[in-house]
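Trainee: return a 3D structure for these sequence lines:
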Amino acid sequence: MKINLEWLNEYLPCGRDIQAAGVFADALTKAGLATENIEQHGDNCVIDVEVTSNRPDCLSHIGIARELSALLGQKLKFPPLSAPQTSSPASTVTSIAIEAADVCPHYTARVLRNIRVGPSPDWMVRRLEAVGVRSINNVVDITNYVLLEMGQPLHAFDFDKLIGRRIIVRHARDGEKIVSIDGHERQLNSRMLVIADENSAVALAGIMGGRDTEVAQGTTNILLESARFDPLVVRKTARLLAMQSDASYRFERGIEPTLPVTASLRAAGLILKLAGGELMEGAVEAGCNSYAPKRLSLRLAKLKQVMGLEIPAELAVDCLGRLGFTPKLESDRIEVVVPCWRLDVNLEVDLVEEVARLIGYDKIPVRDKISIQVVPLEPSARAIDRVRSVLVAAGYYESVTFSFVSDALCGDFRPAEAAGLAVAEPGTRKADAHLRPSILPGLLESAGRNQSVGTVDARLFEIGSVFWVESASGIVERRRLGIVGSADLREVRGVVEAVLGALDANRQVTIVPGQRNGFARGTGGGIEWGGQVVGFMGMIDHAIADKLSLRQLPAAAELEITPLLAGAQHVPQLRPLPRFPAVRRDLSVILPESTAYQRLETLIRDLHPTALEAVEYVTTYRGKPLEKGVKSVTVTLVFRSSDGTLTGEAVEASVRGVVDAIGSKLNGTLRE
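Mentor: Sure thing, here's the model as predicted:
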């Protein structure tokens with residue numbers, strides 16, 4: 001925000017030379033409004049003030065003057081706010097209808113007749129050009145002048161060019177077009193707000209007026225607009241149309257609720273002074289103009305706690321009073337009424353900051369030591385750290401991919417009963433129009449990019465949120481762990497078992513054959529952990545690999561985070577090192593081809609053979625001399641006792657029991 005000191009002296013008479021500029025710049029910087037530059041124009045100076053987004057009240061000369069008045073203890077002088085009016089009410093010649101009250105809470109219009117459009121006086125041209133605004137004509141210059149003076153955007157319409165002589169505030173129609181005053185045609189949609197007459201849109205609300213109703217040479221009657229618009233609607237419209245204006249910059253940050261009427265009257269007075277004519281009686285208004293000021297309390301104890309020093313109550317009251325908060329001391333607290341222009345003050349701590357700004361941040365003591373309370377991680381965070389540690393130790397790299405997914409991949413890996421969640425306004429790539437239903441598409445895209453630069457077996461994992469829509473519960477959001485490994489499915493299974501084992505080694509991991517969208521048929525299976533399904537794993541389907549131009553099919557797995565955290569063992573479990581040796585017995589059994597390995601392992605474990613410590617898969621063989629339709633599965637049974645060394649006789653008895661059960665329940669035989 002550029003501040004012209006000649007202009008500023010209208011409200012705060014205190015000099016306009018380089019020395020005065022230095023004093024102002026130093027005061028503003030210390031109060032949190034940094035000055036970027038000081039330019040000298042003859043005997044006048046212009047200060048470029050960096051105004052943060054939470055201080056829209058400082059986007060005007062009066063706003064900066066108000067701030068300097070409080071900082072320097074000088075009296076503020078406001079411009080005259082009066083204009084002679086005729087006895088003819090403006091409401092007899094025009095009307096306003098707000099059809100989008102949710103995004104336009106208040107709209108005012110004044111009507112001026114018989115004006116003379118011409119050049120602006122030198123003093124106004126000089127002030128505007130000093131802050132980078134080109135002079136156009138006296139009426140347009142006045143609207144710009146009041147915007148920079150008070151912070152309220154205004155717009156003047158050629159009243160005779162408004163069809164029906166009335167204003168309608170409404171949403172644009174899809175496909176509706178308007179030529180703005182910069183000469184560009186804009187295509188609109190229903191999410192945008194426009195100012196219209198009875199025929200078409202004549203302005204983009206809060207951004208820019210239309211060319212067809214602009215004030216030009218020959219205009220004699222004008223309608224002066226002053227209103228409030230929803231900041232979010234203005235911001236979205238300005239971004240979508242790539243239009244940034246001084247008006248949108250202020251509307252996006254918020255407008256003082258009482259300012260439209262005041263600024264409109266100020267502009268009307270200047271127009272009568274510089275362009276002649278007459279002002280019809282009253283302002284035609286629509287919407288709500290009521291304003292209830294916020295009331296806050298500042299506890300003196302809180303002030304001391306946050307600032308770290310004892311502030312006399314009288315000093316705090318004086319600081320808040322200079323800033324316009326009308327403070328009142330009540331024993332241990334200060335009651336204040338927040339001024340209407342301070343939209344950023346909503347909490348008690350905001351009042352603490354205001355006192356600190358006026359006292360000076362340099363008065364706050366700086367401690368050379370800080371106390372830090374060491375707080376242990378939450379159990380869930382520790383469990384996630386264990387998952388990461390296991391995967392990194394296994395050679396996997398943690399990835400962070402986009403939460404958006406391309407149209408080509410939005411249906412892959414999604415639950416069959418779910419629908420995709422489309423994004424109303426896509427991000428950097430228009431194809432990324434859906435939130436991801438799975439972690440795997442992003443990881444597979446990363447794996448494809450790695451393959452293209454020569455890293456064939458990129459092992460990646462990610463923990464993040466996925467989204468979809470269900471008819472019963474609406475939008476669903478889940479946290480998941482996605483893993484993409486090499487082309488060896490056994491490797492990915494081993495990593496999954498290692499992860500689950502690190503969370504709770506006592507829970508059995510079982511792979512249940514099944515099929516899921518995105519995985520190659522016959523290669524996938526559900527991951528059961530302690531009898532609960534927590535995820536799915538398998539080889540990626542050829543169709544998906546072709547979409548991503550993958551040179552080889554990777555194996556992948558995806559697990560739900562919530563059941564993993566719920567089932568994690570948070571108390572460390574210690575086991576003494578074994579004192580006695582283990583006894584290992586290999587079994588090769590011939591089973592029907594249709595018998596899954598998991599049935600064999602489950603059967604053995606359910607028998608609870610004496611001293612059985614582990615069942616380890618070795619290999620599966622098919623071919624001669626075995627007959628067709630059967631296979632040979634080899635497992636190793638590990639036995640160990642904590643009481644002493646096992647004898648061969650004891651182990652053989654357990655093995656015979658296992659062999660007998662395999663024969664009776666799985667129709668299997670011991671291979672010779």
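Trainee: what's the single longest helix in this structure?
Mentor: Longest helix in the chain by number of residues, with DSSP state H as the criterion: helix 648-666.
Trainee: what's that one packed up against?
Mentor: Applying 3 or more CB pairs under 8 Å, 6 or more residues apart in numbering; DSSP states H and E, we find helix 648-666 packed against strand 583-592, helix 597-607, strand 630-639, strand 669-670. To be clear about C-beta, it is placed using only N, CA and C from the backbone, and glycine gets the same treatment.
Trainee: distance to G442 added to these, as a markdown table?
Mentor: Compiled in a markdown table, those are given as follows (distance: least, CB to CB, whole Å):
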| stretch | distance to G442 |
| --- | --- |
| strand 583-592 | 40 |
| helix 597-607 | 31 |
| strand 630-639 | 37 |
| strand 669-670 | 48 |
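Trainee: so can I have CSV of those showing mean pLDDT and mean neighbour count?
Mentor: Shown next, in CSV, are the helices and strands packed on helix 648-666 (pLDDT from 0 to 100; neighbours: other CB atoms under 10 Å):
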stretch, mean pLDDT, mean neighbour count
strand 583-592, 94, 16
helix 597-607, 90, 15
strand 630-639, 95, 18
strand 669-670, 92, 14
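Trainee: and of the ones you listed, who's closest to D407?
Mentor: D407 lies closest to helix 597-607 among the helices and strands packed on helix 648-666, at 37.7 Å (CB to CB).
Trainee: with just CA atoms, put the closest one into PDB.
Mentor: Extracted in PDB, the C-alpha atoms of helix 597-607 (Å, rounded to 0.1, in the frame of the first residue of the first chain):
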ATOM      1  CA  TYR A 597      -1.100 -73.500   1.700                       C
ATOM      2  CA  GLN A 598      -2.900 -71.500   4.300                       C
ATOM      3  CA  ARG A 599      -5.100 -74.500   5.100                       C
ATOM      4  CA  LEU A 600      -2.100 -76.600   5.700                       C
ATOM      5  CA  GLU A 601      -0.400 -74.100   8.000                       C
ATOM      6  CA  THR A 602      -3.700 -73.400   9.900                       C
ATOM      7  CA  LEU A 603      -4.300 -77.100  10.400                       C
ATOM      8  CA  ILE A 604      -0.800 -77.600  11.900                       C
ATOM      9  CA  ARG A 605      -1.100 -74.600  14.200                       C
ATOM     10  CA  ASP A 606      -4.600 -75.600  15.400                       C
ATOM     11  CA  LEU A 607      -3.300 -79.000  16.400                       C
END
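Trainee: from the contact counts, what lies against that helix?
Mentor: Using 3+ CB pairs under 8 Å, 6+ apart: helix 597-607 touches strand 509-513, strand 612-621, strand 630-639, helix 648-666.
Trainee: out of the ones you listed, flag the one nearest V139.
Mentor: Comparison of these against V139 by CB to CB identifies strand 509-513 as nearest, at 77.6 Å.
Trainee: buried ones in that closest one?
Mentor: Residues of strand 509-513 classed as buried: V509, T510, I511 (neighbour count, 16 or more other CB atoms under 10 Å).
Trainee: spit out the contact partners of the first one.
Mentor: This means V509. V496, E497, L500, G501, I527, E528, W529 (CB atoms under 8 Å, 6 or more residues apart in numbering).
Trainee: so for it, what's the pLDDT?
Mentor: pLDDT recorded at V509 is 89.
Trainee: so how far is E497 from it?
Mentor: Note on V509: its distance to E497, by CB to CB, to the nearest Å, is 5 Å.
Trainee: which helices and strands sit right next to the worst-scoring helix or strand of the chain on mean pLDDT?
Mentor: The weakest-scoring helix or strand in the chain, judged by mean pLDDT, DSSP states H and E, is strand 421-422 (a mean of 82). Packing partners of strand 421-422 (3+ CB pairs under 8 Å, 6+ apart): strand 434-435, strand 460-470.
Trainee: could you redo the last one with a cut-off of 6 Å?
Mentor: strand 460-470 (3 or more CB pairs under 6 Å, 6 or more residues apart in numbering; DSSP states H and E).
Trainee: how far does the strand it packs on sit from the chain's center?
Mentor: 17 Å (CA atoms, centre = their mean, to the nearest Å).
Trainee: before we move on, what about stretch 46-53?
Mentor: In terms of CA atoms, centre = their mean, the centre of stretch 46-53 is found 26 Å from the chain centre.
Trainee: kindly report the same for stretch 520-534.
Mentor: Remark: stretch 520-534 is offset 35 Å from the chain centroid, using CA atoms, centre = their mean.
Trainee: again with stretch 268-287
Mentor: A distance of 43 Å separates the centroid of the chain from that of stretch 268-287, by CA atoms, centre = their mean.
Trainee: and that stretch, what's buried?
Mentor: Under the neighbour-count criterion of 16+ other CB under 10 Å, stretch 268-287 has 268-272, 274-275, 277-280, 283-287 buried.
Trainee: beta partners for K631?
Mentor: L591 (DSSP bridges).
Trainee: just checking, it touches G623?
Mentor: No - counting by CB atoms under 6 Å, K631 does not reach G623; the two are 9.2 Å apart.
Trainee: please enumerate residues in contact with the least confident helix or strand of the chain?
Mentor: A433, H434, L435, F467, W468, V469 (CB atoms under 6 Å, 6 or more residues apart in numbering).
Trainee: done for today, thanks.
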